[in-house]
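> Sequence plus the predicted model coming up.
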Amino acid sequence: MKAKNTISGKALRLFLMTMFAMISLYSNAQLKGGHILGAMGLQSGTQAPENTLSVYVPAYIYTANCLRNGDGDNMGNPDLTMFITGVGANYVSDFKILGANYGATILLAGASNTIQGSYVDSKSNFAFTDMYVQPIQLGWHNKKADFVFSYQMYIPTGKYELGGSDNSGLGMFMNEFSAGTTLFFNEKKTFHFSALASYEINGKKKDTDIKTGDIFSIEGGLGKTFYCMNAEKTAPKGILNAGLIYYFQYKVSDDKIPVGNFLVLEPDKDHIGAVGAEVNYLHIGCMTQAGFRWVSEFGAINRFQGNTFFITLAHVFSLKKK
């Protein structure tokens, strides 16, 4: 009987130690959503012109230089760089819905070192990641302001396994709704400010009851448009946009992280802010565009803090009937 009690006592201590370790690990952890901060900047509330098809290659680079806890204190330097690239397409038609042009977007991408949350230091190789599909995109154009509304989903096509160090996806289906505007301060629409707000609703992670909380993001910028004229000064040969950009992101509802069968952790919600700069140029003759964004983060709570770089190359096809 004494031997049985000793074994039971050891098993209980082992169980309690395991539970304590899991609680210590996850009590301040925050799970990441699918929204890629920095993907939008100047004129984020403006839809592309109607009857166009834009094929683009994005390159997203995020360098995490510190991890902040719930008090904003530095908990360490992770030396982690996340990378995403792929091929996407954005189509805008002349079909009207409620006075807006209808459009749609898709992105097929791969990722390396996919960040799962504030407690994961992932070192995964480059692999196919979650798919981005935007089946509804509406854009309105007015003299003094543009407006956009969209619904997008993130489909869990990337590899995911709970606790895996080589995950390329987040293992959950995500729904997101966005609305935004670009305000123009002069008749030529060359001086502008934009804001795009997005609300992300996340499902449970694959084969678990873990659920990432809802996430609110806002991003945009204040910029100036310059028309680069040809040698004869008769027509523009290119359009240059430059200015300051920003983003903010807030976890709106708590993450749900079950520990055992009787305890569900709800860590303190994370948030982040960032400011930076953007420059992009469209060559009208060949309808090719190149853009660069850099954003430096600040005020991180319960998450990584670092720098975001976003490079885009795109070609715009005109679908207007001749």
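Yes, it's here.
> Please identify the helix or strand for Asp166.
For Asp166, there is no host helix or strand (DSSP states H and E).
> The nearest residue to it once chain neighbours are set aside: neighbouring residues, count only.
Spatial nearest neighbour of Asp166, chain neighbours left out: Ser124 (4.3 Å); criterion: Cβ to Cβ, 6 or more residues apart in numbering. From N, CA and C alone the C-beta is placed, and that goes for glycine too. Ser124: 21 surrounding residues under other Cβ atoms under 10 Å.
> On the three-state scheme, Ser124 is what?
Secondary structure, DSSP: H, G, I helix; E, B strand; the rest coil: Ser124 is coil.
> Report the contact partners of it.
Taking Cβ atoms under 8 Å, 6 or more residues apart in numbering as the criterion, Ser124 is in contact with 111-114, 165-168.
> List buried residues within those.
111-114, 167-168 (16 or more other Cβ atoms under 10 Å).
> ok so, going back, and of the contacts of Ser124, the nearest to Val57?
Closest approach to Val57 among the contacts of Ser124 (Cβ to Cβ): Ala111, at 14.5 Å.
> Centre of the chain to the helix or strand containing Pro258, how far?
Assessed by DSSP H and E, Pro258 sits inside strand 257-259. A distance of 25 Å separates the centroid of the chain from that of strand 257-259, by Cα atoms, centre = their mean, to the nearest Å.
> Give the pairing partners of that strand; include direction for each.
Here strand 257-259 is paired, per DSSP bridges, with strand 263-265 (antiparallel).
> Now do the helix or strand just after the strand it pairs with: everything it contacts.
Counting by DSSP H and E, the next helix or strand C-terminal to strand 263-265 is strand 271-283. Here strand 271-283 makes contact (Cβ under 8 Å, 6+ apart) with 37-38, 41-42, 221, 223, 237-251, 288-301, 303, 305, 308, 312, 316.
> From the residues you listed, which land in strands?
Per DSSP state E, strands hold the following members of those: 221, 223, 237-251, 288-301, 303, 305, 308, 312, 316.
> about what we covered before: can you list the contacts of Ser124 in a markdown table and add pLDDT?
Shown next, in a markdown table, are those (pLDDT from 0 to 100):
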| residue | pLDDT |
| --- | --- |
| Ala111 | 94 |
| Ser112 | 91 |
| Asn113 | 87 |
| Thr114 | 85 |
| Ser165 | 77 |
| Asp166 | 83 |
| Asn167 | 87 |
| Ser168 | 89 |
